[in-house]
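**Student:** The sequence and its predicted three-dimensional model are supplied below.
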Amino acid sequence: MGTPLLFKASTADRRFCADQELKNLQDEPVEGFRITLVDESDMYSWEVAIFGPPDTHYQGGYFKAQIRFPVDYPYSPPSVRFLTSMWHPNIYESGEVCISILHPPINDSQSGELPSERWNPTQNVRTILLSVISLLNEPNTDSPANVDASLMYRKWKDSKGADNEYAEIIRSDI
């Protein structure tokens, strides 16, 4: 049995994918998001304006994030990083978003994630944006990137909203 084939998108393929995705998102935007290029000469770095989803602690907020595409996109996931301060169980202090869909498509039995939950080339920026909205609605406290925010969110949820510390920290960032 030979060496497994490694797929690597050519620069033209990668640019075509990014161009197509940007065009699709501009033609049919995802509610609550606006996407622009950081620099017109760099198709692989996008700025995302995220409007806090209704009926969440983030409602009324305006958050900036950046999506960066790797050299082998769409075979590897882009990265998503908030540029504005975000207090959330699944967002690192650096702003990096930690969700399964953004994890490389490897079989990692230690992660607790199924391979089907990880990135695959059929995913796209639209599915990432929908995952971010889902995350803002309902954090995953089983796999926190920010342990303090996760503990505080659990305390808030267990108190059925009586403990306002979690909500107050979020509101102070908005």
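**Tutor:** In hand now; what should we look at? Just so you know, these numbers come straight off a predicted model, no measurement behind them. Residues are numbered from 1 along each chain as shown.
**Student:** can we go C-alpha only for contacts and neighbour counts from here?
**Tutor:** Fine.
**Student:** Near residue 29, how many residues? Count them for me, please.
**Tutor:** 14 (other Cα atoms under 10 Å).
**Student:** residue ranges of the strands in the protein, please?
**Tutor:** Under the criterion DSSP state E, strands of the chain are mapped to 33-39, 42-51, 62-68, 79-82.
**Student:** Going along the chain, name the helices of the chain.
**Tutor:** Taking DSSP state H as the test, the helices found in the chain are 11-27, 125-137, 147-158, 165-173.
**Student:** a markdown table please, covering these and showing distance to residue 82, mean pLDDT and mean neighbour count.
**Tutor:** Converted to a markdown table, the helices of the chain look like this (distance: least, Cα to Cα, whole Å; pLDDT from 0 to 100; neighbours: other Cα atoms under 10 Å):
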| stretch | distance to residue 82 | mean pLDDT | mean neighbour count |
| --- | --- | --- | --- |
| helix 11-27 | 19 | 75 | 15 |
| helix 125-137 | 11 | 93 | 17 |
| helix 147-158 | 16 | 95 | 17 |
| helix 165-173 | 13 | 89 | 15 |
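**Student:** Can you redo those as JSON lines, where the extra columns are distance to residue 52?
**Tutor:** Formatted as JSON lines, the helices of the chain follow (distance: least, Cα to Cα, whole Å):
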{"stretch": "helix 11-27", "distance to residue 52": "18"}
{"stretch": "helix 125-137", "distance to residue 52": "8"}
{"stretch": "helix 147-158", "distance to residue 52": "17"}
{"stretch": "helix 165-173", "distance to residue 52": "11"}
